[in-house]
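1. one predicted model, sequence on top.
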Amino acid sequence: MYNFSPRANDLLAQTQLFAKKYKHAEINTLHLLIASFNMNDSVLSELVALEQGGDIDKLVGRLHYTLEHLKLKQLSRNKQHDLKMPADEEVKRILELSKDISHKMDHSFIGTEHLMLSM
């Protein structure tokens, strides 16, 4: 079981919303990345801004374009899905690694920073 911080919970909820927006049946790392950039005062946004000269909007646009054109399993139109969507294998590894990083740092929670480090 994972003990996410409130901010990490918000990030994961955003991730699921992006997956639903693009009618994807699973959460993948691109959903996680775009949700990370979408959060206010995201550590990832700050790092990319420093590294890329501040052109986050261009990067986010490229992520949206990629998500629109991915050939992934689509959500069934007949099926109702709850908010807890399944994650692909890569996201599952990220969550496990985040848990390990948190534990090694002697933290009692998994925060957005742990998630970013695990990506």
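-> Arrived safely, thanks for sending. Residues are numbered from 1 along each chain as shown.
2. can you give me the strands for the protein?
-> With DSSP state E as the definition, the chain shows no strands.
3. which stretches of it have low pLDDT?
-> Across the chain, the ranges flagged by pLDDT under 70 are 40-56, 58-60, 62-83.
4. from residue 86, how far off is residue 113?
-> Per Cβ to Cβ, to the nearest Å, residue 113 is found 25 Å from residue 86. Just so you know, the C-beta spots here come from the backbone N, C-alpha and C atoms, and that holds for glycine as well.
5. please apply the same query to residue 112.
-> 21 Å.
6. so these two - more neighbours on which side?
-> Between residue 112 and residue 86, counted using other Cβ atoms under 10 Å, the more crowded position is residue 112 (23 against 12).
7. so that one sits right up against residue 7, yeah?
-> Yes - at 5.3 Å, residue 112 and residue 7 qualify as touching, with contact defined as Cβ atoms under 8 Å.
8. quickly list what's touching both of these two.
-> Taking Cβ atoms under 8 Å, 6 or more residues apart in numbering as the contact rule, the neighbours common to residue 112 and residue 7 are residue 39.
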